[in-house]
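Asker: Sequence first, predicted model second:
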Amino acid sequence: MTIPDGWTREGDAIVRTFRFADFSGAWGFMSRAALAAERMDHHPDWRNVWNRVEVRLTTHDAGGLTEKDVALAEALNRLA
């Protein structure tokens, strides 16, 4: 399984911090990302502080990293 650009493997997950110009940029990204995640029925663990969105992807019911995580990471990269 190939980890998408910008993402790092941490145990059973992949993680990335996205940075934006300001809070509105970060919030807008999260709104678009939430719609994509809902369509994919795969939801991130994430945290927002001002212009940063920290994302952690893992498939809890599979016990680790799956292609669903990679697909969502690629979608988030496109949205950013």
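Answerer: Received it, and whenever you're ready, just let me know what you need.

Asker: which secondary structure elements does the one helix or strand residue 71 maps to contact?
Answerer: Using DSSP states H and E, residue 71 falls within helix 67-79. With contacts taken as 3 or more CB pairs under 8 Å, 6 or more residues apart in numbering; DSSP states H and E, helix 67-79 sits against strand 13-19, helix 23-40, strand 52-57. Every residue, glycine included, has its C-beta placed from N, CA and C.

Asker: And residue 50, what's its pLDDT?
Answerer: The score at residue 50 is 97. That number is its pLDDT.

Asker: Phi, psi for it please.
Answerer: When read as degrees, to the nearest 10, the backbone of residue 50 gives phi 40, psi -100.

Asker: Repeat that for residue 4.
Answerer: Here is the backbone geometry of residue 4 (degrees, to the nearest 10): phi -60, psi 160.

Asker: burial count for the closest residue to it other than its chain neighbours?
Answerer: Leaving aside its sequence neighbours, residue 4 sits nearest to residue 73 (CB to CB, 6 or more residues apart in numbering; 4.5 Å). Other residues lying near residue 73 total 21 when counted by other CB atoms under 10 Å.

Asker: got it, and residue 15?
Answerer: The local packing of residue 15 (other CB under 10 Å) involves 17 other residues.
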